[in-house]
Every structure is written in C-alpha cells, then in structure tokens.
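Student: model the following, please.
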Amino acid sequence: MGIRVVRLGSERARGEGTRIGTVRRPPRGVPKSEFASGNWYDVWYPNLAPSVETMTLGQSAGTPAQWNAFTRRYRAEMATPDNARSLELLATLSHQSDFSVGCYCEHEAHCHRSVLRELLIEKGARVEP
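Tutor: This next block holds a predicted model:
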C-alpha cells in the first residue's frame, strides 16, 4: 500500500488505485468524461498544485538557484494550514490504501511532484519508489 507519484496521462500501474491530479488546470482538449479513461486522473485536486505564479517560476527555472527559489515558494504554499492538512490526510491514507498523485510534466526532477513526493515523505507517507 502507498502512494505512487506519476505523470498524468501515462499508463496506469497495476494496483495503482485512484489517481489524483495535483495540477492547476485540467488537460487541454480532453473532455471531462475522458479524464479517467485517458489515464489523466480520477479526482482533480488543484489544492496541492503550485499557484500560477509559482508554477511559472518553476517552468522557467533554468539554473539550480532558480529551481531552489521555486522549491522554497512551493513549500511555503504547502505549509499553509489547509494544504498542510491535505498532506497529512494523504500521508495517513497511504498506510491503508493505494492511490497516486501526479502532474503532466515529463520529468519529475523538474516538476512540483518531486517536491510533493518529499513533502509527503516528511509527513510520514508510504511513497512507492
């Protein structure tokens, strides 16, 4: 049991469970009725996505210093009471069920989901490698 951190739109792993989209916007050009069948997500939860401003900062980060600035800002957003409670909830649920969280970015290392993975682990979540 645990959380998988995935790229939305990728093939689902066996036993992956519910896929949660932690993205600011739904996939473009995809009808809502096809979000789950197209391997995007079953539930949209933008609360754990970076704000538009922070997302833009991360997407334009070309140096380690710029990426660190994005990481600090996203972590600050996730430290707000509502977001911290969401992280704690997912961390607790990870010990009793299988589910995944994800984003559209091709490379996890340059995506908020890499930071989200760290935050969930820090909250005690069981996160699949």
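Student: can you show me the helices along the chain?
Tutor: 52-59, 64-78, 81-93, 112-122 (DSSP state H).
Student: of those, flag the one that's most buried.
Tutor: Among the helices of the chain, ranked by average contacts under mean count of other Cβ atoms under 10 Å, first place goes to helix 112-122 (a mean of 19). In this view, the C-beta of every residue, glycine as well, is placed from N, C-alpha and C.
Student: mind checking how far that helix is from the chain centre?
Tutor: For helix 112-122, the gap between its own C-alpha mean and the chain's C-alpha mean amounts to 8 Å (Cα atoms, centre = their mean, to the nearest Å).
Student: ditto for stretch 86-100
Tutor: How far stretch 86-100 lies from its chain's middle: 13 Å, per Cα atoms, centre = their mean.
Student: residue numbering should commence at 47 henceforth.
Tutor: Yes, from this point I'll number from 47; that puts the last item at stretch 132-146.
Student: what mean pLDDT does it have?
Tutor: Across stretch 132-146, pLDDT averages out at 96.
Student: can you tell me the distance between the two ends of it?
Tutor: Length of stretch 132-146, first residue to last, Cα to Cα, to the nearest Å: 14 Å.
Student: now do stretch 134-151
Tutor: 24 Å.
Student: in CSV: the helices of the chain, plus distance to R50.
Tutor: Converted to CSV, those look like this (distance: least, Cβ to Cβ, whole Å):
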stretch, distance to R50
helix 98-105, 21
helix 110-124, 19
helix 127-139, 12
helix 158-168, 10
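Student: of these, which is nearest S83?
Tutor: S83 lies closest, by Cβ to Cβ, to one member of the helices of the chain: helix 158-168, at 22.0 Å.
Student: now for the closest one, which elements pack on it?
Tutor: Helix 158-168 sits against strand 48-53, helix 110-124, helix 127-139, strand 144-149, with contacts defined as 3 or more Cβ pairs under 8 Å, 6 or more residues apart in numbering; DSSP states H and E.
Student: dump those to JSON lines, plus distance to Y91.
Tutor: As requested, the helices and strands packed on helix 158-168 are exported to JSON lines (distance: least, Cβ to Cβ, whole Å):
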{"stretch": "strand 48-53", "distance to Y91": "13"}
{"stretch": "helix 110-124", "distance to Y91": "13"}
{"stretch": "helix 127-139", "distance to Y91": "8"}
{"stretch": "strand 144-149", "distance to Y91": "8"}
